[in-house]
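Predicted model and sequence follow; I will ask about them next.
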Amino acid sequence: MQQDRRLAAIVFDLDGVLVDSESLQLAAWEQYVAHFGRALPTDLLPRLFGRRLIDAARIIVDTLELPVDPLRAAQERDELFLASIPGNLQPMPGALELIAELRARSLLLGLATSGHRKYVSLVLGKLGLAETFAAIVTGDDVTRGKPAPDCYQLAAARLACPPEHCVAIEDAPLGVIAARTAGLRCIAVPNAHTCELSGFDAADAILPSLDAVLPWLVQTGWLR
């Protein structure tokens with residue numbers, strides 16, 4: 001008998017998938033390192049997308065040899081980032097429509113993000129998604145951030161859904177690795193910041209936009 005491949009839950013990443021925030025994130029880092037007369041190297045970016053703030057701070061402080069500890073760098077950069085949000089935060093194209101379509105199908109929805117709880121609550125409130133997810137896992141909830149599988153393992157557990165019956169929607173290779181290592185299926189939807197990165201081959205599919213997600217899920221038989 002053919003294995004039932006239908007999904008029970010969909011777990012979303014946040015930055016670059018549901019909210020167009022990565023330009024603001026990078027601008028805040030660029031502004032911060034400029035205080036020390038440094039610039040953010042382009043070849044450093046692939047190591048940052050998808051990581052928790054503290055993990056990115058460790059990489060940046062170490063690489064640029066900044067005269068601060070990572071925790072202080074994360075806190076000071078976070079102040080710059082949060083200050084830039086009012087009036088500048090928008091949903092990714094097709095995000096709200098996809099969420100509405102999936103909710104209409106009574107699918108369990110989860111969120112597994114590297115963002116910290118204060119930021120995540122702020123974003124979900126601004127997008128009108130505060131009551132959308134049956135389980136929310138932030139970077140504060142896990143010891144290890146992406147590409148470790150912890151956030152997706154915890155999201156599946158909180159959804160009370162076997163990982164193999166969940167699919168993650170990710171925009172960055174580090175997130176794809178985290179989801180697949182946790183045992184979830186994964187659809188990659190790269191954006192303008194991540195589309196040139198390598199490492200998406202671990203995903204079950206690489207789609208051009210969120211508009212393509214639901215048709216693909218139905219076509220493959222994962223949804224009916």
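Happy to help now that I have it.

Now the helix or strand hosting V123 - C-alpha only, PDB.
If you go by DSSP states H and E, V123 is part of helix 117-127. Provided in PDB are the C-alpha atoms of helix 117-127 (Å, rounded to 0.1, in the frame of the first residue of the first chain):
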ATOM      1  CA  ARG A 117      10.000  36.800  21.100                       C
ATOM      2  CA  LYS A 118       9.600  40.500  21.400                       C
ATOM      3  CA  TYR A 119      10.300  41.000  17.700                       C
ATOM      4  CA  VAL A 120       8.100  38.100  16.600                       C
ATOM      5  CA  SER A 121       5.100  39.400  18.700                       C
ATOM      6  CA  LEU A 122       5.600  42.800  17.200                       C
ATOM      7  CA  VAL A 123       5.600  41.500  13.600                       C
ATOM      8  CA  LEU A 124       2.700  39.200  14.000                       C
ATOM      9  CA  GLY A 125       0.600  41.900  15.500                       C
ATOM     10  CA  LYS A 126       1.500  44.300  12.700                       C
ATOM     11  CA  LEU A 127       0.600  41.700  10.000                       C
END
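
The helix or strand that it is followed by pairs with which strands, parallel or anti?
Helices and strands here follow DSSP H and E; after helix 117-127, the next one along the chain is strand 135-137. Partners of strand 135-137 in the sheet, by DSSP bridges, are strand 108-112 (parallel).

And the contacts of the strand it pairs with?
With contacts defined as CB atoms under 8 Å, 6 or more residues apart in numbering, strand 108-112 is touched by 8-14, 99, 102-103, 120, 124, 132-137, 151-152, 154-156, 158-159, 161, 166, 168, 178-179. For the C-beta atoms, the positions are set from N, CA and C on the backbone; glycine is no exception.

Report the contact partners of R144.
Contacts of R144 (CB under 8 Å, 6+ apart): D150.

Go again with 10 Å.
Contacts of R144 were listed using CB atoms under 10 Å, 6 or more residues apart in numbering, and they are 52, 55, 150-151, 178.

Could you do E76 as well?
Residues near E76 by CB under 10 Å, 6+ apart: 28, 32, 35, 57, 68.

in stretch 46-58, what's buried?
For stretch 46-58, a neighbour-count test (16 or more other CB atoms under 10 Å) marks 46, 48-58 as buried.

and if you look at stretch 157-164?
Result for stretch 157-164 [16+ other CB under 10 Å]: buried residues 158-159, 161, 163.

Please state the offset of it from the chain centre?
Offset of stretch 157-164 from its chain centre (CA atoms, centre = their mean, to the nearest Å): 18 Å.

C-alpha coordinates for that stretch, PDB please?
Only the C-alpha atoms of stretch 157-164 are listed here, as PDB (Å, rounded to 0.1, in the frame of the first residue of the first chain):
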ATOM      1  CA  ALA A 157       6.100  18.700  19.200                       C
ATOM      2  CA  ARG A 158       4.000  21.700  20.100                       C
ATOM      3  CA  LEU A 159       1.700  20.900  17.200                       C
ATOM      4  CA  ALA A 160       1.500  17.300  18.300                       C
ATOM      5  CA  CYS A 161       2.300  16.300  14.800                       C
ATOM      6  CA  PRO A 162       4.900  13.800  13.600                       C
ATOM      7  CA  PRO A 163       7.700  15.700  11.700                       C
ATOM      8  CA  GLU A 164       7.200  13.600   8.600                       C
END
